[in-house]
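Undergrad: Build me a model:
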Amino acid sequence: MHELLADLAALLRQEIDHYRRLLALARRERGRITKGELPGLTQLVRKKEVITQDLASVEASRASLLDRLAKELGEDRAGLTLARVAGLAPGEMGEALQALLVEFRGVVGQLIAANDINRSLLDQSLTFVRESLALFRTVVNTSPTYGKSGRLGESAPALVALNHTA
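TA: Numbering: from 1, shown residues only. Here you go, the predicted structure:
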């Protein structure tokens with residue numbers, strides 16, 4: 001069982017490393033968003049996709065390892081969480097797993113917060129784009145006119161040329 005626990009600790013370290021790399025990219029992504037650097041943003045997203053694919057592989061290995069640990073411990077796999085394994089692990093191995101679990105939760109929490117900030121910035125950017133497009137649409141739409149009665153009416157659609165010189 002000690003070997004399985006050591007393997008679990010190694011996998012957790014790999015996962016933490018992947019999440020730290022994603023966190024660093026999310027922080028760089030924030031700068032790209034605020035500066036409007038679309039090519040740089042696209043490049044960061046591709047890097048995140050590669051790390052995420054690697055992370056999925058590590059998570060699958062962890063799930064497989066937890067299945068083997070459940071059999072070894074005689075536990076139900078559905079109830080065997082990382083926290084439960086850390087609590088059942090003897091001595092120093094249990095303490096090491098507890099420390100890794102705290103670190104894991106911290107990094108994931110930071111990543112969630114960074115992604116929330118980036119999402120908010122992107123939402124604001126999209127709002128600005130929509131508002132800009134709405135202003136442009138008012139230039140292309142029909143021009144308001146007032147009839148003899150003083151009521152607001154509409155004339156035929158007109159296209160206003162911007163920066164037009166005669």
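
Undergrad: And stretch 46-58, what's buried?
TA: 48, 51, 55, 58 (16 or more other Cβ atoms under 10 Å). All C-beta spots, glycine's among them, are computed from the backbone N, C-alpha and C.

Undergrad: Tell me which of the residues you listed fall in helices.
TA: 48, 51, 55, 58 (DSSP state H).

Undergrad: By mean pLDDT, flag the weakest helix or strand of the protein.
TA: strand 152-157 (a mean of 52; mean pLDDT, DSSP states H and E).

Undergrad: Redo the ones in helices among the buried residues of stretch 46-58 as CSV? Include pLDDT and distance to residue 64.
TA: Shown next, in CSV, are those (pLDDT from 0 to 100; distance: Cβ to Cβ, whole Å):
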residue, pLDDT, distance to residue 64
48, 96, 25
51, 97, 20
55, 96, 15
58, 95, 11
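
Undergrad: For my notes, please list these in CSV and give distance to residue 35 for each entry.
TA: Conversion of these to CSV gives the following (distance: Cβ to Cβ, whole Å):
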residue, distance to residue 35
48, 18
51, 22
55, 27
58, 32
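
Undergrad: so what pLDDT did residue 37 get?
TA: pLDDT, residue 37: 88.

Undergrad: Any idea how many residues pack against it?
TA: 14 (other Cβ atoms under 10 Å).

Undergrad: host element of the spatially most central residue of the chain?
TA: By Cα atoms, centre = their mean, the chain has its centre lying nearest to residue 115, at 4.3 Å. Per DSSP states H and E, residue 115 falls inside helix 91-140.

Undergrad: helices or strands next to that helix in the packing?
TA: helix 2-35, helix 82-88 (3 or more Cβ pairs under 8 Å, 6 or more residues apart in numbering; DSSP states H and E).

Undergrad: Now for the residue nearest to the centre of the chain: which residues touch it?
TA: The contact partners of residue 115, by Cβ atoms under 8 Å, 6 or more residues apart in numbering, come to residue 26.
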